[in-house]
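**Student:** Here you go, sequence then predicted model.
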Amino acid sequence: MFLGTHTPKLDDKGRLILPAKFREELAEGLVITRAQDRCLAIYPMSTFVEMTKSISAAPTSVKQVRDFQRMLAAGASDETPDKQGRITIPQQLRGYAGLETNVVVVGAINRVEVWNTSAWEEYSGAQESAFAEMNEEVFPGM
């Protein structure tokens, strides 16, 4: 499970040092891909494979299914962290999320998200006031 907010930096080669508490779960391999909200999602390889089973089983005769499959797969990059816990984020993904040197890495339960610092501040600021009300609407009885 991925929890917490971290503020690492990207180096000049586009490498990100994963927070130490996330490294063990991602050590065997991971997938970085576009996520909604103009951030990146990092999944452990096993989680990504499991998630894509239902996505690949969806009927490709439906245009939205094809569109989602393409966007998810075309923007995906499989990586293995090096001995220092670094991964390289490809340029196209850095561009998609607007990543610069300073980034925000957020644990999002089954994935890690990487955000542009300003985008994260804007997003989290807007969501903070609605957070207390969300759980009853999204997860009744929670």
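**Tutor:** Received, thanks. Numbering: from 1, shown residues only.

**Student:** Let me see the mean pLDDT of stretch 49-60.
**Tutor:** The predicted model gives stretch 49-60 an average pLDDT of 94.

**Student:** Now the helix or strand of the chain with the lowest mean pLDDT: buried residues?
**Tutor:** Least confident helix or strand, the chain: helix 117-138 with a mean of 82, by mean pLDDT, DSSP states H and E. By 16 or more other C-beta atoms under 10 Å, the buried positions in helix 117-138 come out as A119, W120, Y123. Where C-beta positions appear, they are placed from N, C-alpha and C, glycine not excepted.

**Student:** got it, and stretch 33-43?
**Tutor:** Buried residues in stretch 33-43 (16+ other C-beta under 10 Å): T33, R34, A35, C39, L40, A41, I42, Y43.

**Student:** For the fourth one, name its beta-bridge partners.
**Tutor:** Same thing as C39. A35 (DSSP bridges).

**Student:** how close does it get to Y123?
**Tutor:** 8 Å (C-beta to C-beta, to the nearest Å).

**Student:** Report the set of residues contacting both of those two.
**Tutor:** Taking C-beta atoms under 8 Å, 6 or more residues apart in numbering as the contact rule, C39 and Y123 both touch W115.

**Student:** what ranges do the strands span in this protein?
**Tutor:** 5-6, 15-17, 30-35, 39-44, 77-79, 86-88, 103-107, 112-116 (DSSP state E).

**Student:** what pLDDT does the closest residue to I42 other than its chain neighbours get?
**Tutor:** Closest residue to I42 apart from its sequence neighbours, by C-beta to C-beta, 6 or more residues apart in numbering: V112 at 4.1 Å. For V112, the model assigns a pLDDT of 98.

**Student:** Fine by me, thanks again.
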